[in-house]
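Undergrad: Dropping the sequence and predicted coords here.
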Amino acid sequence: MFDQQQNQALSHELENTRIKSRSKGDIELSYLEGFDVIDTANKIFGYGNWSYNISTLEQVSQESNQNQNIVLCYKAIVAVKVCDAQHTQHISREDVGFGTGIAKTLSDAYESAAKEAVTDAFKRAMRSFGNQFGNSLYDKSRQHQSSQQTQQPKPSNQMNAAPQDYSKLSNLGLSVMQQGQNLIVMGDDIFAKKDTIKACGFKWDGRSKHWCKPLEQQAA
């Protein structure tokens with residue numbers, strides 16, 4: 001159902017800069033933020049070509065902690081639907097998530113628990129589409145490698161360091177992504193826009209089928 005460009009984007013390795021971490025007891029958890037998953041879906045699938053629906057949102061438990069805060073737990077089931085560009089075919093995914101709200105007032109606890117449960121279920125449903133949506137974070141061996149990589153000094157030549165360099169590309173509806181030691185151009189009708197792409201220092205790589213630019217060249 002997905003076109004070649006979407007399949008290529010979905011098969012890319014997850015960038016370490018997108019991975020966040022938090023502690024839960026003695027465990028360090030890696031995750032993607034909800035807004036990041038939405039932005040990635042818009043880039044890969046296109047605005048209007050995907051949606052999600054909350055089929056279940058219910059309270060699981062309610063209690064008070066030692067600080068006299070209200071503690072609520074919510075369960076959510078979210079269904080994600082992704083369509084092709086013509087909306088003639090679609091893929092649906094569904095998963096469950098949980099959220100906890102801790103607050104002095106019942107309304108604040110409800111809000112936190114419900115939002116967290118929906119976001120958790122949404123991200124879990126999206127991860128079935130692969131690494132770009134955090135599926136690799138559930139692989140403990142790869143998760144260990146990612147944590148080692150994030151401890152290394154980050155190169156100063158990442159594309160985020162100078163996003164203004166590619167404003168001409170973004171104005172044409174193109175985006176620049178990091179793949180290994182290269183930057184690549186993603187978007188529709190890339191050959192029709194090749195003059196602007198070349199002007200930004202990218203060259204066509206017949207092996208990878210991408211317009212590429214080495215990170216070393218970016219730094220220069």
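TA: Thanks, I have the structure now. Not measured: the values here are computed from a predicted model. Numbers count the residues shown, from 1 in each chain.

Undergrad: May I ask you to name the longest helix in the protein?
TA: Using DSSP state H, we find that the single longest helix of the chain is helix 106-126.

Undergrad: what secondary structure does the residue nearest to the spatial centre of the chain sit in?
TA: Most central in the chain under Cα atoms, centre = their mean is residue 37, positioned 3.3 Å from the mean C-alpha point. Three-state assignment for residue 37 (DSSP: H, G, I helix; E, B strand; the rest coil): helix.

Undergrad: next structured bit after the helix or strand of the chain with the lowest mean pLDDT?
TA: Ranking every helix and strand in the chain by mean pLDDT, DSSP states H and E puts helix 140-151 at the bottom, with a mean of 47. Tracing the chain past helix 140-151, the next element assigned as helix or strand by DSSP states H and E is helix 167-171.

Undergrad: Give me the buried positions along that following helix.
TA: residue 169 (16 or more other Cβ atoms under 10 Å). Where C-beta positions appear, they are placed from N, C-alpha and C, glycine not excepted.

Undergrad: And for stretch 43-61?
TA: The neighbour-count check on stretch 43-61 (16+ other Cβ under 10 Å) flags 43, 44, 45, 49, 50, 52, 57 as buried.

Undergrad: In strands only, show me those.
TA: 50, 52, 57 (DSSP state E).

Undergrad: give me the low-pLDDT residue ranges for this protein?
TA: 24-26, 140-165, 208, 216-220 (pLDDT under 70).

Undergrad: Residues in a beta bridge with the closest residue to residue 69 other than its chain neighbours, which ones?
TA: Closest residue to residue 69 apart from its sequence neighbours, by Cβ to Cβ, 6 or more residues apart in numbering: residue 102 at 5.1 Å. Following DSSP bridges, residue 102 is listed with bridge partners residue 71.
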